[in-house]
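Visitor: sequence? don't have it. structure:
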């Protein structure tokens, strides 16, 4: 079974969705570790309540590459196969991405490639789009630019606010992220150019 590490910085609602899926046998792998760059992140308490090992690696006052080398060391010591980003508010360095070796995946609150970066829900709302959504993608050396594993659309209603839209997108994230992790852990990943194809026997 694949050993999964989840990297977090905040409240950890997507982490909780992954934990809940694992409890039901629907994740396809085992969450072996949760790592936060923020010592007081609520996600750490979610992990502890679930009996998952937690590690805090504070990023403050450190070079990105030095931080990522320490993170790699922690993951390698625990034989991690898959890394899931769940509200991890740091951009991983090329050193990390090239060295880790396994898949690194992220959940983003827009239909990429539209509205990459921070505050994507508000970006979409203020742009006036009629459809937004959520994307699970592989992490590469760009910003939210890796091959897409899964997407689901969310309608932007005429009476929406940015916060209401964000809440509905979050519900979608909680649904598709565990599913994408399950398919990734149970199947095989094939890349054809920018197309990521998950093949499950």
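Guide: On my side now, so go ahead. Keep in mind it's a predicted model, so treat the numbers as computed, not measured.

Visitor: okay, now residue 179: neighbour count?
Guide: For residue 179, the count of nearby residues is 18 (other Cβ atoms under 10 Å). Using the backbone N, CA and C atoms, a C-beta is placed for each residue, glycine as well.

Visitor: Report the secondary structure state of it.
Guide: Remark: residue 179 carries the secondary structure label helix [criterion: DSSP: H, G, I helix; E, B strand; the rest coil].

Visitor: neighbours of the spatially closest residue to it that is not a sequence neighbour, just the number please.
Guide: Once flanking residues are discounted, residue 179 sits nearest to residue 150: 6.8 Å by Cβ to Cβ, 6 or more residues apart in numbering. Residues lying near residue 150 (other Cβ under 10 Å) number 19.

Visitor: can I assume residue 150 is in contact with residue 176?
Guide: Yes - contact criterion Cβ atoms under 8 Å: residue 150 and residue 176 qualify, at 5.2 Å.

Visitor: Mutual contacts of these two, please.
Guide: Contact with both residue 150 and residue 176 is made by residues residue 136, according to Cβ atoms under 8 Å, 6 or more residues apart in numbering.

Visitor: what sits up against stretch 115-129?
Guide: Here stretch 115-129 makes contact (Cβ under 8 Å, 6+ apart) with 108-110, 114, 132, 143-145, 156, 160-162, 165-166, 169.

Visitor: Mind doing that once more with 10 Å?
Guide: Here stretch 115-129 makes contact (Cβ atoms under 10 Å, 6 or more residues apart in numbering) with 89, 91, 108-112, 114, 130-135, 142-145, 154, 156, 160-170.

Visitor: Need the distance between the two termini of it.
Guide: End-to-end distance of stretch 115-129: 11 Å, with Cα to Cα, to the nearest Å as the criterion.

Visitor: just checking, residue 154 is part of a helix?
Guide: No - applying three-state DSSP, one finds residue 154 to be strand, outside a helix.

Visitor: Next, the contact list for it, please.
Guide: Contacts of residue 154 by Cβ under 10 Å, 6+ apart are 109-111, 121, 124, 131-134, 160, 165-166, 168-173.
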